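J.: Provide a 3D model corresponding to the input given below.
(one chain, ligands or ions: 1)
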Amino acid sequence: MVRTSEAFDRLGDENAFAVLARAAELADQGRDIINLGIGQPDLRTPEHILEAAVRAIRDGHHGYTDPIGLLKLREAVCAHVAQRTGATVPADRVMIVPGAKMALLAAIMMFGEPGAEILYPDPGYPIYRSMIEFSGARAVPVPLRERNGFGVAAQDVLSLITPATRLVILNSPADPTAGVNSKTEVNRLVAGLLDHPGVAVLSDEVYDRMVYDGAEHVSLLSYPEIRNRLILVNGWSKTYSMTGWRLGWSIWPTSLTERCRRFAVNAWSCVNGPAQYAGIAALEGPQDCVDEMVAEFDKRRRVTVRLLASLPGVSCHNPQGAFYAFPNIAGTGWESAPLAEALLEQAGVALLSGSDFGPGGDGYLRISYAAPEEDIRKAVTRIGEFLSEH
Ligand SMILES: Cc1ncc(COP(=O)(O)O)c(C=O)c1O
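T.: Residues are numbered from 1 along each chain as shown. From the prediction side, this is the model:
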């Protein structure tokens, strides 16, 4: 019998991928499945981005690049970030990664070890807790509450900081709740963190362009007072419909960049060249594709929320960001996981149980409305019929 490390026994999962596989399996069997499970835009990557990658392949950009990414791409990230947040970041503080997820792994492995504590949002993206536990650190959940619109409450974070706390993970706009952290609470949090200079901050802002109803995305980069301990994670996956390209960016304090470079050299050597050229085209090219996608999501968001709220026993807070609805199903008499499973197996609707995102997600479902409106309408009708019959 082979013996593997205990760390691998502690790895969690992202159920979205299991649901995606099961939905494909049922569809292959001839079932009519509507997929509102996985979190990715349904639109094609814009044409000018595709062209840049094709050109890069034809021009022979098939070799290794700088482990932290092409300088031209990192400079494009800096220009983009300066335009959006006003922060001046030198290109040597940017690390290009094969998907934002890899920057999360790098940061969590850099700070996590037995005896350390890392704070993460609950409900939240399941990879945070999984990676924290993988690192050996203690995963400390920060509750996000529906009554606060699922935005973070500064006091909740600050009250959980102990001498063992190394890192605080923030995510806004948030997966799965679609909550957006308010400027007031972020101001309070940053002010409170000044009393804890040894605590680093990991801000996952992959949904930063997707905010609605006048909500404002507040980037942690706009706080110079914590910039020397801030790791900012973002990327192309959601914004430019590039989930399968595996391309993300991250910004690190100067004191940590050499560790980043070494991690990249050990783990992935470099991100594939054509994807990096596509990334340059995305950031430097026209941005109307993003605006149009977000406007389309906004339309679908309104439809989704209105239809969900009309279902028996279901209520739905107004999602302010990302492309998820997070309906509360407490009034249906169902628990989240069995309902999500029954909806897939019996009603042909793939979505996720809120409990896939931590105990705080019990009593909710996550529905991605990054899908054609017709599919959303059909799916909610099926959910309604299922709930009436069961
Ligand atoms: C909050 C959050 N962070 C990171 C990621 C991963 O992004 P990427 O595809 O760039 O690795 C996701 C994807 O679902 C996400 O929801």
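J.: and stretch 230-240, how far from the chain's centre?
T.: 8 Å (C-alpha atoms, centre = their mean, to the nearest Å).
J.: now the end-to-end length of it.
T.: End-to-end distance for stretch 230-240: 25 Å, by C-alpha to C-alpha, to the nearest Å.
J.: That stretch and the ligand in contact?
T.: Yes: legend: contact between stretch 230-240 and the ligand by C-beta under 6 Å from any ligand atom is shown at 235, 237. C-beta coordinates here come from the backbone N, C-alpha and C atoms, glycine included.
J.: as a whole number, average confidence for that stretch?
T.: The average pLDDT for stretch 230-240 rounds to 97.
J.: and Ile96, what helix or strand is that in?
T.: Using DSSP states H and E, Ile96 falls within strand 94-97.
J.: Which SSE is immediately downstream of that strand?
T.: Heading C-terminal from strand 94-97 (DSSP H and E), you reach helix 100-111.
J.: Now that following helix: average pLDDT?
T.: 98.
J.: which stretches of this protein form helices?
T.: Counting by DSSP state H, the chain has these helices, from start to end: 6-9, 15-28, 47-58, 71-85, 100-111, 126-135, 154-160, 183-193, 257-267, 273-284, 288-309, 336-347, 373-389.
J.: can you tell me which of those comes nearest to the ligand?
T.: Among the helices of the chain, helix 100-111 comes nearest to the ligand, with 3.4 Å by C-beta to the nearest ligand atom.
J.: re earlier: now mean neighbour count and distance to the ligand too, for the helices of the chain, in CSV please.
T.: Output for the helices of the chain, formatted as CSV (neighbours: other C-beta atoms under 10 Å; distance: least, C-beta to the nearest ligand atom, whole Å):
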stretch, mean neighbour count, distance to the ligand
helix 6-9, 9, 20
helix 15-28, 16, 7
helix 47-58, 16, 15
helix 71-85, 18, 14
helix 100-111, 23, 3
helix 126-135, 22, 7
helix 154-160, 17, 17
helix 183-193, 17, 17
helix 257-267, 15, 14
helix 273-284, 22, 11
helix 288-309, 17, 14
helix 336-347, 18, 17
helix 373-389, 17, 19
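J.: can you list those helices in TSV and add distance to Asn328?
T.: Shown next, in TSV, are the helices of the chain (distance: least, C-beta to C-beta, whole Å):
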stretch	distance to Asn328
helix 6-9	34
helix 15-28	19
helix 47-58	37
helix 71-85	33
helix 100-111	28
helix 126-135	19
helix 154-160	20
helix 183-193	22
helix 257-267	39
helix 273-284	36
helix 288-309	10
helix 336-347	10
helix 373-389	13
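J.: so how far is the ligand from Pro143?
T.: Distance, Pro143 to the ligand, using C-beta to the nearest ligand atom, to the nearest Å: 17 Å.
J.: count of residues packed around that residue?
T.: 17 (other C-beta atoms under 10 Å).
J.: for it, what are its contacts?
T.: Pro143 sits next to 122, 156, 360 when contact means C-beta atoms under 8 Å, 6 or more residues apart in numbering.
J.: which helices and strands does the helix or strand bottoming out on mean pLDDT in the chain pack with?
T.: Using mean pLDDT, DSSP states H and E, helix 15-28 stands out as the lowest-scoring helix or strand of the chain, at a mean of 93. Applying 3 or more C-beta pairs under 8 Å, 6 or more residues apart in numbering; DSSP states H and E, one finds that helix 15-28 makes contact with helix 336-347, strand 349-350, strand 352-353.
J.: circling back to that earlier point, quick check: mean pLDDT of the strand holding Ile96?
T.: 98.
J.: Who does that strand pair with, and is each partner parallel or antiparallel?
T.: strand 248-251 (antiparallel) (DSSP bridges).
J.: Check whether the strand it pairs with comes close enough to the ligand to count as a contact.
T.: Yes: residues of strand 248-251 contacting the ligand under C-beta under 6 Å from any ligand atom: Gly248.
J.: Show me what that strand is in contact with.
T.: Residues from elsewhere that reach strand 248-251 (C-beta under 8 Å, 6+ apart): 69, 74, 77, 81, 89, 93-103, 106-107, 206, 221, 230-237, 260, 279.
J.: Next one, pLDDT for Asp213 please.
T.: 95.
J.: now stretch 254-267, how far from the chain's geometric center?
T.: 22 Å.
J.: One more: stretch 73-80?
T.: 21 Å.
J.: Return that stretch as CSV; C-alpha atoms alone will do.
T.: Output of stretch 73-80 as CSV, limited to C-alpha atoms (Å, rounded to 0.1, in the frame of the first residue of the first chain):
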residue,chain,number,x,y,z
LEU,A,73,1.8,41.9,-20.2
ARG,A,74,2.8,42.9,-16.7
GLU,A,75,3.1,46.5,-17.9
ALA,A,76,-0.3,46.2,-19.4
VAL,A,77,-1.6,45.0,-16.0
CYS,A,78,0.0,48.0,-14.3
ALA,A,79,-1.5,50.5,-16.8
HIS,A,80,-4.9,48.8,-16.3
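J.: Quick check: the nearest residue to Val54 once chain neighbours are set aside vs Ser250, distance?
T.: Of all residues not flanking Val54 in the chain, Pro274 sits nearest, at 7.7 Å (C-beta to C-beta, 6 or more residues apart in numbering). Applying C-beta to C-beta, to the nearest Å, the value for Pro274 to Ser250 is 20 Å.
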